[in-house]
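give me a model of this one.
(chains A and B)
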Amino acid sequence: MKKLFFILSIPLILFSGCSSFLEVDPRASISDDNTIIDAQSANTALNGVYSALRSYYSINFQSIAYLSGDNIQWTGSQSQIQEFINHNVRAENATISSTWVGIYETINRANNVIAKVADLDAGAIGDSERSRILGEAYFIRGLTYFDLARVWGGVPLITSPTLNVDDNRGIPRSTQEQTYQQAISDWDIAEGLLSETTNRYQATRKTVWALKARYFLYRQDWQQALDYASRLIADVQNYELLAPYTAFFVNNVVGTRESVFEIYYNANELNPHRNQWQPQERGGTRQWAPNDTFVALVNNPEVGGSRSALVALDNQGRWYGNLYYRSPATDPTYVIRIAELYLIRAEAKANLGDSNGALTDLNEVRNRAGLADSQAEGQDAILLAIENERRLEFGLEAHRWFDLVRTGRAKAVLGITDDNRLLLPLPAEQLLLDDALEQNPGY
Amino acid sequence: MYNQYNRKALFMEHNPHLRDAVRWLVSVCFLFFLLFSEKSSAQNKPLINSTLSGLVVDASSKEPLPGALVKIEGVTNQTQTDKDGKFQLITGQPFPYNIVISYLGYDSKTVRAEGSPISIELAPNLNQLEDVVVVGYGTQKKKDLIGSVSKVDPAATVNIPTGSFDAQLQGKVPGVQITSNTGVPGEALNVRLRGATSINAGNDPLYVVDGVFLNSNSLQTINTGGKATSPIADINPADIESVEVLKDAEATALYGSRGANGVIIVTTKRGNYNEKARVNLNLSQGFSKAAKLWELTTGPEHAQLVNEYFQNIGQPAPFRPVGEVINGVAGRGLPEEQQTYDRLGELFRSAALTNADLSVSGGTSQTKYYFGAGFNRQEAIIKPVSFDRTSFKANIDQKLSERVQIGVSNSFARTGRNQARAGDGPRGGLLQSALHTPTYLSPYNDAGELVGRAGFDNLTLLLENYDVGSRSLRYIGNVYLEADLLKNLKFRSTFSLDYNNYDESEYWNNLLIEGSPDGLATSTITQSSTWINEQTLTYRKNWDDQHNLGIVVGNTLQGSTLELTGAEGRGFANNSFKLISSAATTTSTQDWWEYRLASFFGRVDYAFRDTYLLDFSLRADGSSRFGTANQWGYFPAVGAAWRIKKAAFLADAKALDDLKLRASYGSTGNQNGIGPFAARGLWSGGESYQGVAGIAPEQLANSELKWERTRQLNIGLDAIFFNERLDFTFNVYDKYTKDGLLPLSLAATTGFDSYTSNSAEISNKGFELAITSTNVRKKDFSWQTSFNVSRNINKIEKLAYTIYAGSRDLVIFQEGSPMYSFWVYNQLYVDPQTGDAVYEDVNQDGQITVADRQIKGDIWPDFFGGLTNNFSYKGFDASLFFVFSYGNKIYNHNRFFGEAGGARDAARVILASNLARWQQPGDITDVPRADGVNVNNYRDGGGRWLEDGSYLRLRSLNIGYTLPKGLTNRLHLNRLRLFVEGNNLFTWTNYTGLDPESAANSSPNQQGIDLGTPPQPRSFQFGLNVSL
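Residues are numbered from 1 along each chain as shown, chains lettered A, B, ... in the order given. Next comes the predicted model:
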């Protein structure tokens, strides 16, 4: 019997040391209550914000802008891409959905940094570093709301981090005006916090100025657009229109003096964008490609000039876009470069009645592309020349759709008949998940 | 950062299971000591009082039975018969005494020995009621079963060339639906016991091999277009003795938190005590081919359809004379000038099948053993895919004394695969290149170089340069100790290990899209290990043949870890450099997780007069995956049975051998499919920017997270008639799953997609019927028929939101509908006047919008099952095995792409079925005129491509001939059988694709979508079984 007790006790012996048996801690992740505790962790959390920005900017957000224009055709099999080209985007569209989700993920990360870095003890982080980190987070949040406003109009404004499942749900949409106000107020704060240095991969006060120039152009505040654009153009030590046109992207260059803000990639932080453009023989899918009209324009020496380097022929005689081409796939995402500031100022001047000034700025960009001066005369013709210049200068970048919408020219140029199509639909599944959201009219 | 020494110390400190292992070993050693310390005193000097000689023969054939065990009742003295069936017992016991003679496959017999010599006849055991069935933590006689357990003899299907034994069981087990998905051997398949209970936590049954809980999740990380390899294929089917499938709560509750999807218990072969060494050799060789291939348009037909499309939309026909230049674009030549290029013929092949198994088994009075070795190589019917497995097996049991036995089970396998992406995605997809590329496009460009077309790789280049493969090294084994503590009390302790080293690599050179422009190589090594320590105490006692009581109590500790290390290199100097170390840029990745499970369980069963059976079981499981509030779950079950035949009113029913009514009710759990840390709020790394580390929120906490719980009611009736010639089993069940694990979507404004919650409810109801009938049982001729049919009705009872899955949202999960429903526009007809498709306007708003998509069928069959007929005539035997499924739907996604009416132009092949399109007013057809991609007639989610997937398939036909005894004796063989086997010889179906079981993706949520998947092949093999 003694033996029996002994044997029965074996499982108990085995278990006696097992009070913590069911506690297993992850190694690939950390618990969410000790994340931002000092300067170093604040910096890593800020990197996480850039990482989220990169993830929706690499393809999805940019594709909305250029596919919805009139330069690109779709060669793949999924109709959701074609919807942009046909200006018939459905609320179920997958790109719309992933962009929306990606932007709000970025906002939540920025909100975490803003809330938690502001709360850090003075001993944990120095004042200038705290300001810089907060300023960059505010800058990115401003950019997200600016992008939300120009794609969808008014959206829910989220300014605090989500800490449990009930936070930040059921927030109704603000107006487009309020959304733009959120963007500019974030940028105002960022402008105050950031220092006036040059960094092409992270936000500085100059980056804020550049985006503010774009903001006031969209808001048709011509004088402020002109002022902010001039601050960058005047900084000739750091920014210039590189010649030839290709100098800002060929030969694997990054961070050129052309660039004001670009998103950084390396072999570990790849940019899959090239796969959409490059032909099969170069490891891509060429699922989107320059359409016949754009190929004709860009190859026309009178119109495209040296920008014809944006397209190339594959081994089956088909044209493909060649702005994103690198292997490994580390092509920068060009958020804003100095050429845009010239064209912003040109447009602002034209609207302020300074035709000569407008032409001067426009011709800077034309001459850089190897083109003669513009022959446009009169405000309307100059504005049209600027519009057409932007079409080619930013042919494979995220501009054409937003440009035509903000100038009210989308209906005329793209043949859209329904005003409601100028804002894209909110993702259908988000409407199902949150009763507070209302769809844009017409969808 | 720890240095290495610190890490070692930490490893010991933070690995309770290592301490447990040490503790276990110490305990077991001590136990040995106790049990043996007593043994020496029990030995006495032998005393001879009688010598008994005898002969043991088969009762009907009078053939001697070598290796039969002869034992004197009540004492330990025993011997066995020699090769002539003779034995001699020398004993201290004087006559008379009882001897017990037992022999595998025969009824044991007790004979009173009055003197020597003695002749004993043994009758073959036909009594199914005495059959032993393996159940959770023990065995039961079939007559005592309360739960729903199906026993399968895998020998009948062992030659079906699928790679893994579970695929071979298709159609053999009532209530078990097995879908192969693909004709590639060794690839993951779907095994569903009594339907599906979970959207997110996995629906695969629990596999238990010799007591080891097996990892059945693929370790594959490389992208093969949604497909995955099957870890079950690491087991050699030839080493399996029996497979038991546990289905109801009574049978599965002892597996607690993992029993909800049923349990498949695999018992491997072991030797027998007192059995002569027996050598078995099985060899077979064969080939397989596709039973049919897709019918494609020729080049001229393709061109014609494309021209029609352009005419329909009012644009110039592109296939016009070359000189006819419109808007700067030259014509491509008239349709009749187009060539036709056959790519399917280049891809498909006659594939070789080879199998060899050798085993030796036997035993002495103290030791029994089984040694097995196997080699299996199967080519897939598409180049260059193949599967091979080399396996070794060693099972040894040793009696240390009359009361203590130890043993080991070891199986070691190396599984190698040449892999390829069959269907999905543009890169490297074999069937994209071979099937989806238009036939009129030449594989060469104007410069005479091989080029890919339609965005896909060039097939010839793919076949020449494909270099993707994996190697799995797998050890599954355990060591056990079993001791009779008291007369009726048995203790058993086991330590088990399932270790898998899975090594994958890819090399894509610059001739392939994936490798352009300068090569890509990856290498990933994944190690999965599960250790289990388990103790059970089993008590069984019988009083006066009236009361039979059994008790099992036990505990289990389990830990599972997964470690992954991967590297990737890009930029190779040229195609001769293949190692990542020679790449220009390299990146690496690493992952790790662990989860643990602690369990206690117990079962009490009681039988009164062998008539009234009752049992109760309970398991408590604690899992590290769940929130602190809900770490422990309790899973009870109760069952009862009444053997009605024992009642007085049936005593005279001579035709009825047995009649039993069974009922059980209980609860089981499921915790698969969610991450090991799903309950926690986490931030993760890997969010670097500019090469500097970055972190970000990963998931929100849910401390309330707990198991999925399935309760199940089962009522069954077993009846056996006519001297056990007709056996009938019927079960009805009702399963209801609550707290279904589900990533509950969050509004994106939170910054999160979802959090893991318990929020789905799913029901499965159904019945199973199995009939086995011995139609003829004569000396020279016998005929046996087995038939099973099952039906399962699946329904999502509660789901907070609709889930879409599969390409173009073809599959939908919606409250009130079955899981895996197809969501389509229902095409009513093609208007004979306009040639346009007319769809059902569900909401009658006069237009066809997404609101008109509706559920039209699902992947669930109305019924499914199998039919086997076995014949034997003298030396010949034949087995004819059919499987069937009726009423399931399949979405023919190949047709969706291949029937675009010409609108996809040069981007896709056009199937020959598109030629039946509407062409002029008055045409009656269901194929509309071409109007563009996703416009109306060829819209995404069109219901025209949803087809009936019912089928009846001759799964296997096996004909064998066993050489007469006289001849084999002269060859010094015990037995020699020659056989031929054909598989998938015929399939009767209305499905227009190649195989009604195809699915493009291994993901369970995307079943029933057929795209670019090689069909299950038709195969022929011949072989021989020899035993010495």
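
from here on, contacts and neighbour counts on C-alpha atoms
Will do.

element containing B:Phe495?
Counting by DSSP states H and E, the secondary-structure element that holds B:Phe495 is strand B:489-508.

partner strands of that strand, parallel or antiparallel?
Sheet pairing for strand B:489-508, assigned by DSSP bridges, gives strand B:468-484 (antiparallel), strand B:520-543 (antiparallel).

give me the number of residues near residue 388?
The chain I'm using is chain A. A count of neighbours around A:Asn388, defined by other CA atoms under 10 Å in any protein chain shown, yields 13.

not what I meant, chain B
B:Asp388: 24 surrounding residues under other CA under 10 Å.

how far away is A:Ser306 from A:Tyr239?
20 Å (CA to CA, to the nearest Å).

do the same with B:Gly331
Between B:Gly331 and A:Tyr239 the distance, using CA to CA, works out to 49 Å.

can you redo the strands paired with strand B:489-508 as JSON lines with mean pLDDT?
Formatted as JSON lines, the entries for the strands paired with strand B:489-508 read as follows, by pLDDT from 0 to 100:
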{"stretch": "strand B:468-484", "mean pLDDT": "95"}
{"stretch": "strand B:520-543", "mean pLDDT": "94"}
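
export these as TSV, with columns for mean neighbour count and distance to B:Leu976.
Rendered in TSV, the data for the strands paired with strand B:489-508 read as follows (neighbours: other CA atoms under 10 Å in any protein chain shown; distance: least, CA to CA, whole Å):
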stretch	mean neighbour count	distance to B:Leu976
strand B:468-484	21	32
strand B:520-543	21	41
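
who has more neighbours, A:Ser306 and A:Tyr239?
A side-by-side neighbour count of A:Ser306 and A:Tyr239, using other CA under 10 Å, places A:Ser306 first with 22 against 19.

contacting residues for the spatially closest residue to the more buried one that is not a sequence neighbour?
Distance criterion CA to CA, 6 or more residues apart in numbering or on different chains; nearest residue to A:Ser306, sequence neighbours excluded, is A:Ala369 at 5.1 Å. When contacts are counted by CA atoms under 8 Å, 6 or more residues apart in numbering or on different chains, A:Ala369 touches A:243-245, A:304-307.

among those, name the ones in helices.
Filtering these for membership in helices, criterion DSSP state H, returns an empty set.

count of residues packed around the residue of the stretch 251-400 of chain A found nearest chain B?
The shortest separation between the stretch 251-400 of chain A and chain B is 4.1 Å, found at A:Gly283 (distances taken as CA to the nearest CA). Burial of A:Gly283, expressed as a neighbour count using other CA under 10 Å, amounts to 26.

which residue ranges make up each domain of chain A?
Following automatic domain parsing, one gets these domains for chain A: A:40-163+A:171-194, A:265-331.

want to throw these into TSV with distance to B:Glu704?
Formatted as TSV, the entries for those read as follows, by distance: least, CA to CA, whole Å:
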stretch	distance to B:Glu704
domain A:40-163+A:171-194	16
domain A:265-331	36
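
between those domains, which one is closest to A:Gln439.
Closest to A:Gln439 of the domains of chain A, according to CA to CA: domain A:40-163+A:171-194, at 8.8 Å.

endpoint to endpoint, the closest one covers what distance?
Comparing the first residue of domain A:40-163+A:171-194 with its last one, the separation is 18 Å (CA to CA).

just how off-centre is it within its chain?
The chain centre lies 8 Å from the centre of domain A:40-163+A:171-194; the measure is CA atoms, centre = their mean, to the nearest Å.

give the burial count for whichever residue of the stretch 101-250 of chain A sits closest to chain B, as a bare number.
Evaluated by CA to the nearest CA, the stretch 101-250 of chain A has A:Glu105 as its residue closest to chain B, separated by 3.9 Å. Look at A:Glu105: counted by other CA under 10 Å, it has 24 neighbours.

next one: the one 3 residues further on
Around A:Asn108 there are 29 other residues, counting by other CA under 10 Å.

for B:Pro1014, same thing?
26.

Three-state assignment for it, please.
In terms of secondary structure, B:Pro1014 is coil; the call rests on DSSP: H, G, I helix; E, B strand; the rest coil.

that older thread, between the domains of chain A, which one is closest to B:Ala805.
With CA to CA as the criterion, B:Ala805 lies closest to domain A:40-163+A:171-194 of these, at 12.8 Å.

C-alpha coordinates for stretch A:422-440, PDB please?
Once non-C-alpha atoms are left out, stretch A:422-440 reads as follows in PDB (Å, rounded to 0.1, in the frame of the first residue of the first chain):
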ATOM      1  CA  LEU A 422     -15.100  63.400 -57.200                       C
ATOM      2  CA  LEU A 423     -15.000  62.000 -53.700                       C
ATOM      3  CA  LEU A 424     -14.400  58.200 -53.300                       C
ATOM      4  CA  PRO A 425     -16.700  56.000 -51.300                       C
ATOM      5  CA  LEU A 426     -15.900  55.100 -47.700                       C
ATOM      6  CA  PRO A 427     -15.100  51.400 -47.500                       C
ATOM      7  CA  ALA A 428     -18.400  49.400 -47.300                       C
ATOM      8  CA  GLU A 429     -17.200  47.100 -44.500                       C
ATOM      9  CA  GLN A 430     -16.300  50.100 -42.300                       C
ATOM     10  CA  LEU A 431     -19.800  51.300 -42.600                       C
ATOM     11  CA  LEU A 432     -21.000  47.900 -41.400                       C
ATOM     12  CA  LEU A 433     -18.600  48.000 -38.500                       C
ATOM     13  CA  ASP A 434     -19.400  51.400 -37.300                       C
ATOM     14  CA  ASP A 435     -22.900  52.800 -37.400                       C
ATOM     15  CA  ALA A 436     -21.600  56.300 -36.800                       C
ATOM     16  CA  LEU A 437     -20.100  56.400 -40.300                       C
ATOM     17  CA  GLU A 438     -22.100  57.700 -43.200                       C
ATOM     18  CA  GLN A 439     -21.400  57.000 -46.900                       C
ATOM     19  CA  ASN A 440     -20.500  59.800 -49.300                       C
END
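
residues in contact with it: which ones?
By CA under 8 Å, 6+ apart, the residues outside stretch A:422-440 that reach it are A:89-93, A:96-97, A:100, A:150-153, A:169-173, A:405, A:410, A:420, A:443, B:745-748.

pretty sure B:Asp82 sits against B:Pro66.
Yes - under the criterion of CA atoms under 8 Å, B:Asp82 is in contact with B:Pro66, at a separation of 5.2 Å.

about what we covered before: in TSV: the domains of chain A, plus mean pLDDT.
Compiled in TSV, the domains of chain A are given as follows (pLDDT from 0 to 100):
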stretch	mean pLDDT
domain A:40-163+A:171-194	94
domain A:265-331	91
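
re the thing from before, would you mark the buried spots in the helix or strand hosting the residue of the stretch 101-250 of chain A closest to chain B?
When elements are assigned from DSSP H and E, A:Glu105 belongs to helix A:94-119. Counting neighbours by 16 or more other CA atoms under 10 Å in any protein chain shown, one finds that the buried residues in helix A:94-119 are A:95-117.
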